[in-house]
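> Provided below for reference: sequence and predicted model.
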Amino acid sequence: MAQGVLILSGYNIRAVVAFCRWATARGVPFHLVARDGSDPIFLTNYAAHVLLTRDSSQLALAHFVHWAALLRAQHGYERLLLLPSTEFLNRFMLAHREELGQAGCVVPLVDQALYCRLSDKHSFGRLCSDAGIAVPGEYDTLPERFPFVAKPRSYAGIGTRQLKPHLVYGPVERERFLRGEDSRDFYYQQYVDGRSLYLLAYVPISGEPVLFSQENLVQQPEGGSVILARADDFHLQADALPYLALLAQVRFHGLIMIEVRRAADGTCYMIEANPRLWGPMQLVVDHPTGIFDAFLADYGFCTAAAAAAAAANSASAAPLPCYYWSGGLRAGPPSYHNFSAAALAAQQAAIAPSDIFHRHDSMPLYRHEQAQP
């Protein structure tokens, strides 16, 4: 069956570029729809894969029908796999799954109810707690003790605006939170300090999950994007088993990242889950994890053998030591987990070669980020 992958670019760009690298090495046909003329994808080699540039940031079903018709006419595809790259896109696709299917598009996600149950922070926390998985303690009312975390109960609040968690370190942040948010949209958890771990997986429709894990060392302020991470063996440890059992119990399949905090006493607390591509996806591309291979295989794609892919893409020939995004440091003083500013400076020579954009296919994007104030 002739088929390709359709990717909406402009958001979660680090994950999009990582997938494009993997797909290029594996010989998987893919096509991009750029967000606008300033989409960072135009500063990479993958600009050659841009089908068209959107003239509006609004998503509409008619757009997907049009894009699919263009690609099917140009390439003879029988169907197009839609890459689940962002939360907003995924929820849009789930709301229009039937119509997208009629247009020849495949939505590689579980049903809408299960997806939201895992992606919404409060419902997944309840699911984990019921399964005996530790979650941070909750406060009944807005806490007076610091620090704490204010988490949205669901993806969209009362005003349908997309919501994000807030790390509240003291009275100043507390007042800022109350001024900027409707407290009815949030619940409050204890802040858990400790090692920051990601359990990374592709759970196939049938068969055993493909697993990997990472430890996050440096992160943008206010719980922002990961800047530095290294491979970890959490997925091989007993602490990972309850999560895998829970995913099997609810019959989940697809890509998923589960964030865990390992406290000083060894307890692992579930922080959140993202059933989609995650920002530091490059780490699973730079290591022979097989996560993307399993994902595409579930939908009938034949990918090149790993050895052939490594020969075609020298960056994949030997795993890089870590995931690093130097451009992320420009967001302000970062947070450190089991790491420090001194360690980042001391290890810079070893870390720098892993920079996600300091590579042959994205040097203009790297220079653009470095030039930002």
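Thanks, I have it.

> what's the spacing between residue 59 and residue 216?
Between residue 59 and residue 216 the computed distance is 30 Å (C-beta to C-beta, to the nearest Å). For glycine as for every other residue, the C-beta is placed from the backbone atoms N, C-alpha and C.

> any idea how far residue 75 is from residue 228?
39 Å.

> Pick out whichever of the two has more residues nearby.
residue 228 (26 against 13; other C-beta atoms under 10 Å).

> Please report phi then psi for the more buried one.
Main-chain torsions, residue 228, degrees, to the nearest 10: phi -140, psi 130.

> so what's it up against?
By C-beta atoms under 8 Å, 6 or more residues apart in numbering, residue 228 lies in contact with 216-218, 322-325, 339, 344, 351.

> what about residue 255, helix or strand, and which?
Using DSSP states H and E, residue 255 sits within strand 254-262.

> so where do the strands sit in the stretch 201-350 of the chain?
Taking DSSP state E, counting those that start in this stretch as the criterion, the stretch 201-350 of the chain carries its strands at 210-219, 226-231, 254-262, 268-274, 322-324, 335-336.

> about what we covered before: who's more crowded, residue 59 and residue 216?
residue 216 (25 against 15).

> do you know how far the more buried one is from residue 232?
Note on residue 216: its distance to residue 232, by C-beta to C-beta, is 9 Å.

> shared neighbours of the two, which are they?
What both residue 216 and residue 232 touch, as defined by C-beta under 8 Å, 6+ apart, is the set residue 197.

> Any stretches of the protein with poor pLDDT?
157-161, 304-319 (pLDDT under 70).

> can you do 80?
1, 156-161, 303-320 (pLDDT under 80).

> Specify the residue ranges that define each domain of it.
As assigned by automatic domain parsing, the chain contains the domains 3-116, 137-190.

> Same list (the strands of the stretch 201-350 of the chain) but as CSV, adding distance to residue 106.
Below are the strands of the stretch 201-350 of the chain laid out as CSV (distance: least, C-beta to C-beta, whole Å):
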stretch, distance to residue 106
strand 210-219, 20
strand 226-231, 29
strand 254-262, 12
strand 268-274, 20
strand 322-324, 29
strand 335-336, 38
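
> Of the ones you listed, flag the one that's most buried.
Counting by mean count of other C-beta atoms under 10 Å, strand 322-324 has the highest mean neighbour count of the strands of the stretch 201-350 of the chain, with a mean of 27.

> Need the residues that contact it.
In contact with strand 322-324 (C-beta under 8 Å, 6+ apart) are residues 214, 217, 226-231, 280, 282-283, 286, 351-352, 354-356.

> before we move on, the earlier item: looking at the contacts of residue 228, spot the one nearest residue 81.
residue 323 (24.8 Å; C-beta to C-beta).

> hey, what's that closest one bridged with?
Judged by DSSP bridges, the bridge partners of residue 323 are residue 229.

> For the residue sitting furthest away from the middle of the chain, what is the enclosing helix or strand?
Taking C-alpha atoms, centre = their mean, the residue of the chain most remote from its mean C-alpha position is residue 144, at 32.5 Å. Counting by DSSP H and E, there is no helix or strand that carries residue 144.

> Same list, the contacts of residue 228, but as TSV with distance to residue 274 please.
TSV is the format used below for the contacts of residue 228 (distance: C-beta to C-beta, whole Å):
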residue	distance to residue 274
216	13
217	19
218	19
322	20
323	16
324	20
325	17
339	22
344	25
351	25
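
> quick one: which of those is nearest residue 92?
Nearest member of the contacts of residue 228 to residue 92, counting by C-beta to C-beta, is residue 325, at 26.5 Å.

> What is the neighbour count of that closest one?
Counted with other C-beta under 10 Å, residue 325 comes out at 23.

> what's it in contact with, if anything?
Applying C-beta under 8 Å, 6+ apart, the residues near residue 325 are 14, 225-228, 280, 355-357.

> Over to residue 77?
Applying C-beta under 8 Å, 6+ apart, the residues contacting residue 77 are 2-4, 71, 104.

> Restricted to buried residues, select those in PyMOL.
Entered in PyMOL, the line below selects the buried ones among those, by 16 or more other C-beta atoms under 10 Å:
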select buried, resi 3+4+71+104
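
> Output the contacts of residue 77 in a markdown table, with distance to residue 173 and secondary structure appended to each entry.
Output for the contacts of residue 77, formatted as a markdown table (distance: C-beta to C-beta, whole Å; DSSP: H, G, I helix; E, B strand; the rest coil):
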| residue | distance to residue 173 | secondary structure |
| --- | --- | --- |
| 2 | 53 | coil |
| 3 | 48 | strand |
| 4 | 46 | strand |
| 71 | 46 | helix |
| 104 | 48 | coil |
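
> Now distance to residue 294 too, for the contacts of residue 77, in JSON lines please.
Below are those laid out as JSON lines (distance: C-beta to C-beta, whole Å):
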{"residue": "2", "distance to residue 294": "21"}
{"residue": "3", "distance to residue 294": "17"}
{"residue": "4", "distance to residue 294": "19"}
{"residue": "71", "distance to residue 294": "24"}
{"residue": "104", "distance to residue 294": "23"}
